[in-house]
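**Student:** One predicted model, sequence on top.
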Amino acid sequence: MRFRDLNLTRSRAAMASWPEGKFLIDTVNAHSFVIAQRDEAFARALLEADALLPDGLPVVKACRLLHTENAPDEKVAGADLFAYEMGRLEERGGGTCFFLGSSPEVLRRITELAAVDYPHIRVVTFSPPYKPDFSPEENQAMLRAVHAADPDLLWVGMTAPKQEKWLHDHWQELDIHCHAGAIGAVFDFFAGTVKRAPQWWIDHGLEWLHRFLREPRRTWRRYLVSSPVFLLLVLKEKLGR
């Protein structure tokens, strides 16, 4: 997968032009771009999404440096996507939002907080087993739960690349007419179980550093291994042109 292959949403404002109905949204950052180089199924999921958001300034700057077609103007994080879609549904008078993933405790917190922040949105949740791969029976149970809820929004939070591949693999089976997104850490951000960086850090492109300082054991590979590889991939594509 190359940077020129990415069909990125250019800005938050561009999200208003997304069509109604069944629409699949993913995000890509430096770490996930690196993973996609060796995970063909993940790369295919990202490339075949209806919309792909640049969840990180490194992706934005790389596309500008490489003069890719429709290079994004700004970072659009999963949290931005979540706030936009939830706010839009609330403004339209509400509906049903399905949260698939995470633990029962996180989902309980999401339900409580959404009732305050989005009082007109009905929240339905499903916590799948915490395991690398799901059995056919477990996948069918998740699909049945989503179909029973008939949501206006579907959020999947299983960490990347598992969440993107699950949505991609089951997209044709999902008989829904709504926007769906793989938003990973946003479940924890909204629930308050993980604190997102303060706005100043986000505005200055330092959200990654804030997360690394808070969770070094969990994120060291993402920032100390994937980031240098990402820079090498940018340089390789630049020289290859």
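**Tutor:** All right, it came through fine.
**Student:** Next, work out how far apart the residue nearest the centre of the chain and D80 are.
**Tutor:** The structure's the chain has its C-alpha centroid closest to I183; by CA atoms, centre = their mean the separation is 3.0 Å. For I183, the distance to D80 equals 10 Å [CB to CB, to the nearest Å]. Every C-beta, even on glycine, is put in place using the N, C-alpha and C of the backbone.
**Student:** one step back: quick one: contacts for the residue nearest to the centre of the chain?
**Tutor:** 27, 78-79, 81-82, 155-157, 163 (CB atoms under 8 Å, 6 or more residues apart in numbering).
**Student:** Same check on E69?
**Tutor:** E69 touches R4, counting by CB under 8 Å, 6+ apart.
**Student:** Could you measure from it over to L8?
**Tutor:** 10 Å.
**Student:** What count of nearby residues applies to H120?
**Tutor:** 12 (other CB atoms under 10 Å).
**Student:** Give me the phi and psi angles of it.
**Tutor:** Note on H120: its backbone torsions stand at phi -100, psi 0 [degrees, to the nearest 10].
**Student:** Same question for D73.
**Tutor:** phi -90, psi -20.
**Student:** Let me know whether it touches T9 as I believe.
**Tutor:** No: look at D73 against T9 with CB atoms under 8 Å: they stay out of range, at 9.7 Å.
**Student:** Between these two, which is the more surrounded one?
**Tutor:** Ranked by neighbour count (other CB under 10 Å), D73 and T9 place T9 first, with 23 against 16.
**Student:** Isn't that one up against A51?
**Tutor:** Yes: the pair T9 / A51 is scored as a contact, 5.2 Å apart, by CB under 8 Å.
**Student:** In three-state terms, how would V124 be classified?
**Tutor:** Following DSSP: H, G, I helix; E, B strand; the rest coil, we place V124 in the strand state.
**Student:** Would you agree it is in contact with D152?
**Tutor:** No: V124 lies out of contact with D152 (CB under 8 Å); the separation is 10.7 Å.
**Student:** which neighbours do these two share?
**Tutor:** By CB under 8 Å, 6+ apart, the residues touching both V124 and D152 are 96-97.
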